[in-house]
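Enquirer: Turn this into a model:
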Amino acid sequence: MNLSRTCSQSPEVAYTVRTYSYRPEELTMPMNRIQFQPGLSMPEFFGRYGSEPQCEAALESARWPEGFRCPCCGTSAYCVLRGANRKMFQCKACRHQTSLIAGTIFQGTKLGLTVWFLAIYLISQAKTGLSALALKRQLGVSYRTAWLIHHKLMHAMAAREERYVLKGQIQVDDAYLGGERSGGKAGRGSENKVPFVAAVSLSDEGHPLRVKLSPVPGFTLKAIAAWARTNLAVGSTVCSDGLSCFSAVTEAGCVHQPTVVAGRKPKDLPEFQWINTVLGNLKTSLSGSYHAFDFRKYAARYLAAFTYRFNRRFDLRTLHQRLLVAAARCGPQPEGTIRMAEVHC
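Expert: Predicted structure coming up:
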């Protein structure tokens, strides 16, 4: 119901004041349970991982959930050597010595584990991602150090995502990272564009489950066949927009269901609602977090970071713990290896 009245302070000035009353149901909107889940608060995080001993205990549990195992002989009996900067384990059988961070993504670091754990927390809880510059400011380290931490953790995310394949009903689309350079070609011929396949698997109710964002050499039959054999389960049903290269998914034992879009806009394609939504979220994430990054070298890592968070969005409170496990079980990644090009074309 609308109410209005006219107020006058003088003969020359008159204005109308309108007041509104609403029913309670008009003030509420449907809440998305995934978006409104509590996550892990900053006070809770510092309560759990605010000191170096707490971080060491968490890392030990993530690396050896069933207790210490010697990396050489697999024996569980050990003793702890004191006096070292890091906790040092010595196998009682073969006498091999290993530190808590040896053989993990943290190997060789001079930073405290509290800094690494804070980086894990910030990167895992940031829905749209976190740039190295923002990470630098939060951690109080140099930009080079923040960049290296960021890329090492993204590498761990990518390694974890390689273990999974999509199955069931799957929507796929061709997409690109990058854009036209000044004076360069536009469209698919642009020298600054990295092609990648976007795919999302759906539940029986038609809701998105898992996503795959994979750089490819190009949208050719050979490239898509190789991608499908690596990323799709046999027997899956793949729905595409009719791009001819996607017919190659049949070589991986999948069923192909093309739908010719005939120039329609994404919003007019209800059959591709979720893949278009995922690509829209990806664009928002990258443009909102990063001013620029090297598409050719590091596309796979940035795509994997988005994929990692999306595929684990149902339980935000444990996302940092899962990233810690990924980092603890990922092999050492020296700076030289991290900076190597990951060109996929």
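Enquirer: Alpha carbons only: can I get stretch 220-239 in PDB?
Expert: This file holds the C-alpha atoms of stretch 220-239, laid out as PDB (Å, rounded to 0.1, in the frame of the first residue of the first chain):
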ATOM      1  CA  THR A 220      39.800 -29.900 -33.800                       C
ATOM      2  CA  LEU A 221      38.600 -33.500 -33.900                       C
ATOM      3  CA  LYS A 222      42.000 -34.800 -32.700                       C
ATOM      4  CA  ALA A 223      42.200 -32.300 -29.800                       C
ATOM      5  CA  ILE A 224      38.600 -33.000 -28.600                       C
ATOM      6  CA  ALA A 225      39.000 -36.700 -28.800                       C
ATOM      7  CA  ALA A 226      42.100 -36.600 -26.600                       C
ATOM      8  CA  TRP A 227      40.400 -34.300 -24.200                       C
ATOM      9  CA  ALA A 228      37.300 -36.600 -24.000                       C
ATOM     10  CA  ARG A 229      39.400 -39.700 -23.300                       C
ATOM     11  CA  THR A 230      41.100 -37.900 -20.400                       C
ATOM     12  CA  ASN A 231      38.200 -36.000 -18.800                       C
ATOM     13  CA  LEU A 232      35.000 -37.900 -19.600                       C
ATOM     14  CA  ALA A 233      33.700 -41.300 -18.300                       C
ATOM     15  CA  VAL A 234      32.700 -43.900 -20.900                       C
ATOM     16  CA  GLY A 235      28.900 -43.900 -21.500                       C
ATOM     17  CA  SER A 236      28.400 -40.200 -20.700                       C
ATOM     18  CA  THR A 237      26.000 -38.100 -22.800                       C
ATOM     19  CA  VAL A 238      27.500 -34.900 -24.100                       C
ATOM     20  CA  CYS A 239      25.400 -32.000 -25.200                       C
END
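Enquirer: For Gly288, give me its contacts.
Expert: 128-129 (Cβ atoms under 8 Å, 6 or more residues apart in numbering). Quick note: C-beta positions are derived from backbone N, CA and C, even for glycine.
Enquirer: any idea which element it lies in?
Expert: helix 273-289 (DSSP states H and E).
Enquirer: Contacts for the next helix or strand along the chain from that helix, please.
Expert: Toward the C-terminal end, the helix or strand that comes next after helix 273-289 (DSSP H and E) is helix 295-311. With Cβ under 8 Å, 6+ apart as the test, helix 295-311 has contacts from 123-124, 127, 129, 151, 154-155, 157-158, 160-161, 164, 177-178, 192-194, 196, 210-215, 278, 281-282, 285-286, 290, 293, 319, 323, 341-344.
Enquirer: Right, I'll call it a day here.
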